[in-house]
Each structure stands twice: as C-alpha cells, then as structure tokens.
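Asker: this is a predicted model, with the sequence first.
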Amino acid sequence: MKQNLKILIESIVVGLLVFFLTFTNLLSSLDFMMRDRLYQLPRGINSKIKIIGIDEHTLSELGPVQTWSRSIYGDLITKLNENPDAKPKLIGFDILFSGEVDSGDTAFAEAAKESGNVVIVDQLIYRSRMEVDEDGVRTSPVEGTDEPYAAIADACKVGYSNMALDSDGVVRRILPTQKYQGKDLSIFSKVLYDTYCELQGTEPREIPVDKFGRSIINYSGRPGDYECVSLADILSGKIDTRSFRDSIVLVGAYAPGLQDNFLVPNGGSSQMYGVEIHANILQSYLQNRFAIVGNTNLFGLVTALLAMILHFLFRKLKIWQGLILLVVAILAEMFFCVMLNNHGLTFNMVYFPLVLILSFIYSLAIGYLLEQARRRKVLTAFRKYVAPQIVEEISKKGDFSIKLGGENRDIAVLFVDIRGFTTMSEALEPEQVVAILNEYLSLTTKSIFDNLGTLDKFVGDATMAVFNAPFDLPDYEFRAVSAAMDIVKGGEALEKDLLEKYGRSVGFGVGVHCGPAVVGNVGCDVRMDYTAIGDTVNTSARLEANAKKGQVLISDTLYERLKDRLEVEEIGQIPLKGKSNGVNVFSVKALIGGPLEPAKDEEKAGKKAEKKVEKRVKQNA
C-alpha cells in the first residue's frame, strides 16, 4: 500500500511535467526538430506548378539582374503566350519591381496587361517595436509597403512576398492576410490561388488561422523538387513553351548570390529559394492542406493523464514489458499527431515521448536499486548460515532463485552433539562452559562451511546442518559425510586442548542421513528461520543420538549412494525413536577420495547422476 502510494505520487509528478512542458513549449527547438521530421514528409509535388529560375546560367548569359532592362520580362511573357492554345494558366513573378528603370518598364507592363494573368509582388515594411492589438495579441504592425512601379502595378494583381520566420529562422508559417490603412493585404501565394480560382470559375477556400492570424505550411516538396527551367533557355528558344500549357508558372531567383533562399523544415542543411516556398504554399492552397496549433491545454491534459498511467505501469511491469509499452505508446502518439496534422491540427509532440523515456529510465534505475538492496539483504541473511565461498559465488552470478516460502529438495542432513556436555557443565564455571561451547561451535561451523554446507541452527550443544539447500550443491552427500569426519577429527585436537585448560575432555557424536525434505523459511511474520523439516531430518537426529563419542553414523540410504567411496563398519539394524522399522546403520571409518567437482570431472559426475536415476527408477518400480 505504501509502495503504491509512492508510485502514485511519482505518476502525478510525471503528469504535471508533461502538462507544464506542453503548455509552455519550453524546449521549442527540440519540438520543432521532431515535428519537422514527422509533419513535413514529402507528399509529392503538383506537376502543374512550374518554376522559371533566374539561375547561374541566366546570370552568365544576361549579366547581373541590376543591369537588365525589364523588357526581358515582357519578352518572357510574350514567349510563354506565343501559342494561344498552349499558354500558361497563370504567371507569377516573385521579383520586386520597385521604381522605374528604362523604356523596358512600359514594354513589360503592356505585355502583362495583354496577358491578363500575371501576378507580381510588393513587400511590407514592419514597425520595429511590437505592439498589442485590439484582441490583446502582440504583433509587429505594418507601417508601409515597398510598391512596384505604377504601370506594372496597374497591369497586374499584387501580393506581398514577406516570409514569416520562426524563432530558429525556419519558414514554417504564413500570414495569409494583414491589415494596412484599413485594407486587407494578401500574401503572394494567396493572390495566385485566388486568381487561379477566378480563372477556373471556382470559389476559393478560406484556410484556418490561429489567434495570431498564422497558418502552418505543410510542405509538399523539398528544395529542388519542383521542375525548374532556366530563364535564359526559355528566351533563347531551347525550351518548347508548349510544355507550360495550363500550368501555373512562377518566376524568381534561383541562384545563391541573389539572396532569396531560406531554411525550411524539410530541407535539412539545404536552403529553399523563395519562389519554391511560394510554390509549396500555393500547392497547400490548392489541396487545402494547412494546419494550426490545436488546443494546447486539452492536449496537455490528455497526454499528462496517459503519461501518469504509463509511469504507474512501468513501475509494475517487467523490463521487457515496459519497453514494449514505451515503444508502442511513442509510436501511437506519433501516428495520432501526424493524422491530426494532416487534418489541420498541430500539437507539440516531443514532450510526451521525452518524459516517457525519462520515466522508463527512472523506473529502471529504481528497480535496479531496489533489486540491489534486496540482494544485499538476502546475502546478509545467507552469510549467517551459508558458507562464505557460496555467498561470494552467488554475489558474482546474481543467482537468487530461492523459493523463500518453502520447496521440496533432496538433501543431506548432519547432526552433531557433545557427549557428556550436561555432566561437564555442572562441574565447570559458567564462563568455562561458554568458552568450551564456543570452541566447539567454531569447529563445527568451520567444518560445515569448508564443505559448502548450510548451517541450519544451534540447539544447546547440538548443531544441525543441511547440504544441497538453499542452493544446488554437487556431490552433497559426500560433502556432508566429509564435514562429519572433519568435525570428529577436529574434536580430537580440541579434546587435548580442553583437557589441558580445564581438565575436562569432550567428544562428538555425529549422525548423517539423506533424502527428501521441505526446506524454506519457517515461522511467522515476526520471527522466521531458514530450516529443513521432515522424516529425513528426524532420522539424522536419531542417528546422532545413537552415535558414540568420535563416531559418525550414517543410514543405509546414504551408504548406498556412497558405498564405493567410504570405508565403513556395519553396525546393523537399530531401532530409531519414532520409526516403526529399524534402520541399517554404518559407522564411517574413512573417506576414499574427495568430493566430485562437475567442472573438473564432468564425466564421472554424469555417470554418478545416471546411476542415481537408474536406482531410484528401480526402487519406484
């Protein structure tokens, strides 16, 4: 419950972060980059829109633009219209013709008037200081215009060519109309569109705009995608003008030196000429494909709620499940936002996936830290009853696959007890009894751990150990007997030492048995111990009770598993308390060889395992 409350608080923080970033667009540059990659995918250009470029070839043929007579443009119009049945539908000049130059001005104006389908540009001059209009919106008012010379202005329709740059200098939006001296002025591409609709006899559509009067351009082509031919090639007759039949022809700068190139969202490091941008805007008009920023508050609330739910799930799910959910959620948001953009609504897309990725990484980190804490806790517990080398191996491998609630295992159980401890304790001082007991417990613990056993418990002067629990232990039956023999052998040295110190001697009786048992944490919530329970444990304890000083008694079951590796003396069948039938018992005299190590003797260990399986199959049969 406490953990769930913590995760809930984390989820709320994640949701608030998504909403705050979406509302403020704090990382606008990063958001622009993501939206540019996804919203501005190539859609295919309209082949009816063609560009005649004032390119490097034209400049080399005709010289610098400033030296031209405007009769050149008149000649271009005449050339394009020379075939009455194959002339362009509309001609637009993205060139500012301000001021009169020479007699060519008149020729150009007459050619444009006679054509009746020419649109030219002017430029707006903005006030340098921002102001707040009647709607409370900060804007830069138009304070003047740079007009084309009168004759050409009278002969053509005019639209402004100003580009609206975002904060990063990229052209993503247009201002379709602006007010000046009580009149609504229109952008060049809108005038082209309106004129085209008029010539086609159709009603022009209104495009959506936001509160600032802007619309977002959905580019159709990248820099250089629209068909462009050189102005010089048209004038020289190299290009058949019948290829422009019923087309919308845009004439403009197409050379870097003319300084009419801009950064665009789908251009990467390449810039796009102004005439190409107007071609893209015109195509968006023709296809009704503009977008505006949608309700940021609503989108922020929806994505914040989703982020909260996903964070909660990240903290609950496995890593691979969380990763799949993360990828699906990000892809779904991208797909949904692209669909909305295609239908005219644009939203900030970077914040939801960004916060989700941070949330997932945070969940991974917290999960890792909690797992490390859990492992330290488990290792600390293991160190109390498992051999240090096993704990070290566990910490290296990270193998914590133990069923703490209890599991059935085949184990070997060892019991050892001091013979004559009660009599001795009555004759010695308490401090001496404790000292002897500590010496004895140190010996038994060392012998058990040296043979990779698990110290189960101390019960007075008795010690219990299990082998092959909680972790798999190769050759655990032999290791259990080896530990018993180490205890007896160590007891001989301890007996001499205690005889010298206290004038008392001690000896040990050991019992070892193997078989199935239930091992795990036994107890209650307040107090529990890792132990083994079952008939195997009871039998081992009874064997120890019957063992004389310095004697290691094993059951016939254990002897059958190790008979080729032990020197024993058969004791015979003896009754054991709590068992209806007696048990054949053997006293171990010596060990033959050492414990099997699978890494060193895999073939022998494999044969041993096969024999065990075969024997148990026969017993079950």
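Answerer: Received, thanks.

Asker: hmm, Lys89 and Asp246 touching each other?
Answerer: Yes: between Asp246 and Lys89 there is a contact at 4.9 Å, judged by CB atoms under 8 Å. Placement of C-beta: from N, CA and C, glycine included.

Asker: check the burial of Ser243 by counting its neighbours.
Answerer: Residues contacting Ser243 under the criterion other CB atoms under 10 Å number 11.

Asker: look at it and give its secondary structure.
Answerer: Using DSSP: H, G, I helix; E, B strand; the rest coil, the structure places Ser243 in helix.

Asker: spell out the secondary structure type for the nearest residue to Ala462 once chain neighbours are set aside.
Answerer: In space, and not counting its chain neighbours, Ala462 is closest to Asp417: 4.5 Å by CB to CB, 6 or more residues apart in numbering. Of the three states, Asp417 takes strand under three-state DSSP.

Asker: ok, Asp417 to Ala545 distance?
Answerer: Distance, Asp417 to Ala545, by CB to CB, to the nearest Å: 8 Å.

Asker: more neighbours: the two, which one.
Answerer: Using other CB under 10 Å, the more surrounded residue of Asp417 and Ala545 is Asp417, with 22 against 15.

Asker: if we can go back for a sec, what residues are up against the residue nearest to Ala462?
Answerer: Under the criterion of CB atoms under 8 Å, 6 or more residues apart in numbering, the contact list for Asp417 reads 461-463, 508-509, 544-545.

Asker: give the buried residues for the longest strand belonging to the chain.
Answerer: The single longest strand within the chain, with elements called by DSSP state E, is strand 507-523. By neighbour count with 16 or more other CB atoms under 10 Å, strand 507-523 contains the buried residues 507-515, 517-520.

Asker: least confident pick among these?
Answerer: When the buried residues of strand 507-523 are sorted by pLDDT, the bottom entry is Gly507 at 80.

Asker: sorry, back to before: between Asp417 and Ala545, what contacts are shared?
Answerer: Common neighbours of Asp417 and Ala545 (CB under 8 Å, 6+ apart) are Gly509.

Asker: on that earlier part again, can you put the buried residues of strand 507-523 in JSON lines and add distance to Asp450?
Answerer: What follows is these, written out as JSON lines (distance: CB to CB, whole Å):
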{"residue": "Gly507", "distance to Asp450": "20"}
{"residue": "Phe508", "distance to Asp450": "16"}
{"residue": "Gly509", "distance to Asp450": "20"}
{"residue": "Val510", "distance to Asp450": "15"}
{"residue": "Gly511", "distance to Asp450": "19"}
{"residue": "Val512", "distance to Asp450": "16"}
{"residue": "His513", "distance to Asp450": "21"}
{"residue": "Cys514", "distance to Asp450": "19"}
{"residue": "Gly515", "distance to Asp450": "24"}
{"residue": "Ala517", "distance to Asp450": "23"}
{"residue": "Val518", "distance to Asp450": "26"}
{"residue": "Val519", "distance to Asp450": "21"}
{"residue": "Gly520", "distance to Asp450": "25"}
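
Asker: can I assume Leu310 sits in a helix?
Answerer: Yes: checked against three-state DSSP, Leu310 lies within a helix.

Asker: from Asp475, how far off is the spatially closest residue to Gly593 that is not a sequence neighbour?
Answerer: Using CB to CB, 6+ apart and skipping residues adjacent in sequence, the residue nearest Gly593 is Arg565, 5.8 Å away. Applying CB to CB, the value for Arg565 to Asp475 is 9 Å.

Asker: the more surrounded of those two?
Answerer: Asp475 (25 against 18).

Asker: distance of the residue nearest the centre of the chain from Leu38?
Answerer: In the chain, the centroid-proximal residue (CA atoms, centre = their mean) is Ile357; its distance is 5.3 Å. To Leu38, Ile357 is 17 Å away according to CB to CB.

Asker: check Lys496 too.
Answerer: 85 Å.

Asker: these two: which has the busier surroundings?
Answerer: Leu38 (14 against 11).

Asker: what's the closest non-adjacent residue to that one?
Answerer: Nearest to Leu38 is Val338, by CB to CB, 6+ apart, at 5.5 Å.

Asker: you'd agree that neighbour is up against Gln40?
Answerer: No: the criterion here is CB under 8 Å, and Val338 misses it with Gln40 at 10.5 Å.

Asker: neighbour count winner among the two?
Answerer: Counted by other CB under 10 Å, Val338 and Gln40 do not tie: Gln40 has more neighbours, with 21 against 15.

Asker: where does the nearest residue to that one once chain neighbours are set aside fall, helix, sheet strand or coil?
Answerer: Excluding the flanking residues, the one nearest Gln40 by CB to CB, 6+ apart is Asn266, at 4.0 Å. Under three-state DSSP, the three-state class of Asn266 is coil.

Asker: go on, Ile45?
Answerer: Applying three-state DSSP: Ile45 is coil.

Asker: measure the residue nearest to it when sequence neighbours are not counted to Leu59 for me?
Answerer: Spatial nearest neighbour of Ile45, excluding adjacent residues (CB to CB, 6+ apart): Gly221 at 4.3 Å. In this view, Gly221 and Leu59 are 24 Å apart by CB to CB.

Asker: now swap in Tyr285 and tell me
Answerer: Separation of Tyr285 from Leu59 (CB to CB): 31 Å.

Asker: ok, back up a step: quick one, what contacts the residue nearest to Gly593?
Answerer: Here Arg565 is in contact with 478, 591-593 (CB under 8 Å, 6+ apart).

Asker: taking the residues you listed, tell me the two that lie furthest apart.
Answerer: Phe478 and Ile592 (9.8 Å; CB to CB).

Asker: of those two, who's got more company?
Answerer: Legend: neighbour count by other CB under 10 Å for Phe478 and Ile592, higher for Phe478 (24 against 10).

Asker: I'd say that one and Leu596 touch.
Answerer: Yes: contact criterion CB under 8 Å: Phe478 and Leu596 qualify, at 7.2 Å.

Asker: may I ask you to confirm that Gly490 is in contact with Ser442?
Answerer: No: the criterion here is CB under 8 Å, and Gly490 misses it with Ser442 at 9.5 Å.

Asker: who has more neighbours out of these two?
Answerer: Gly490 (18 against 12).

Asker: the helix or strand harbouring the more buried one vs strand 507-523, what angle?
Answerer: Per DSSP states H and E, Gly490 falls inside helix 476-502. Interaxial angle of helix 476-502 relative to strand 507-523 (axes from the mean of the first three to the mean of the last three CA atoms, to 10 degrees): 120 degrees.

Asker: contacts only, for the closest residue in space to Lys87 that isn't next to it in sequence.
Answerer: Once flanking residues are discounted, Lys87 sits nearest to Asn81: 4.5 Å by CB to CB, 6+ apart. Each residue near Asn81 by CB under 8 Å, 6+ apart is listed here: 87-88, 115.

Asker: equivalent analysis for Arg409, please.
Answerer: Contacts of Arg409 (CB under 8 Å, 6+ apart): 468-469, 516-519, 532.

Asker: report the two of those residues separated the most.
Answerer: For these, and using CB to CB, no pair is farther apart than Asn468 and Val518, which are 13.3 Å apart.

Asker: buried set for the helix holding Gly490?
Answerer: 476-488, 490-491, 494-495, 498, 502.

Asker: any idea how many residues pack against Val327?
Answerer: So Val327, with other CB under 10 Å, has 13 neighbours.
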